[in-house]
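**Q** Based on what follows, work out the 3D shape:
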Amino acid sequence: MGNEFKEGTLDLANFIMADLKFTVGDNLLKCVQCGMCTSTCPGAQHSNYNPRDMIEKILKGETSIIDDEDLWYCFYCYTCHSTCPVGNSPCQANQVLRQIKISRGEADAHLRPFLGFGYSFLNNGIGGIPSNFFPEMREDIGEDWWNFKCDLDDIRENLGLGPVIPPKETIDEVSTILKQAGFEKRLEEVKRIKDNEKVEKSTE
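**A** Numbering: from 1, shown residues only. Take a look at the predicted model:
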């Protein structure tokens, strides 16, 4: 996000519409509160997350919505985006609200589970499932998936495809860009907080 949200300087709806993550412009202002987004939202079916209510509070300028923990139950499946009759995008508005929390350093607890994804991107040059998830996935999905995973490079070679992991020069280039953008620094900040909490728990 280019600018940090500061209450009293720019109203919340305009801030969201000006953000690059929000691609539907002033369609945010066209919300008719029909509830289509909430009725089709998988997150709303299994939690108290309510995208219709979120948009209503944004349009009313209720900045308390930024601190609503239910925002983190959005899956970013974009169902609301595709079903809204006026072309609004509650999921993109949600992304901007979350980013405000992240920029303030107030969302580390929600970011920690994704540290592995961040380091995988930094070290391998591509997004992917971190290896620490493999044991649980092997148990949930089964041995066929695990065998496929282990033999993936051979399978790709037989199909005439290159390896999944890009060449070293590509990895180095991506890693350099991410480091220059502050990505590695942010990962280290979240990891440090996580490690400190582990130490505190072990001394209790």
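
**Q** Contact partners for Val174?
**A** 121, 125-126, 166 (C-beta atoms under 8 Å, 6 or more residues apart in numbering). To be clear about C-beta, it is placed using only N, CA and C from the backbone, and glycine gets the same treatment.

**Q** Looking at those residues, spot the one nearest Thr176.
**A** Gly125 (10.4 Å; C-beta to C-beta).

**Q** The closest one touches Ile165, doesn't it?
**A** Yes - judged on C-beta atoms under 8 Å, Gly125 makes contact with Ile165 at a distance of 7.3 Å.

**Q** Can you add neighbour count, secondary structure and pLDDT and give the contacts of Val174 back as CSV?
**A** CSV is the format used below for those (neighbours: other C-beta atoms under 10 Å; DSSP: H, G, I helix; E, B strand; the rest coil; pLDDT from 0 to 100):
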residue, neighbour count, secondary structure, pLDDT
Phe121, 18, helix, 92
Gly125, 21, coil, 93
Ile126, 13, coil, 91
Pro166, 15, coil, 93
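
**Q** Show me the domain layout of this protein.
**A** With domains defined by automatic domain parsing, the chain comprises 12-106, 109-202.

**Q** what touches both of Gly125 and Ile165?
**A** Listed as contacting both Gly125 and Ile165 by C-beta under 8 Å, 6+ apart are Ile171.

**Q** So which of the domains of the chain is the most surrounded?
**A** domain 12-106 (a mean of 17; mean count of other C-beta atoms under 10 Å).

**Q** which residues of this structure fall in strands?
**A** For the chain, no strands are identified by DSSP state E.

**Q** Of all the helices and strands in it, which has the lowest average confidence?
**A** helix 183-202 (a mean of 75; mean pLDDT, DSSP states H and E).

**Q** quick one: the residue lying farthest from the centre of the chain from Asp151, how far?
**A** Outermost residue of the chain with respect to the C-alpha centroid, by C-alpha atoms, centre = their mean, is Asn158; its distance is 34.6 Å. Asn158 is 10 Å from Asp151, where distance means C-beta to C-beta, to the nearest Å.
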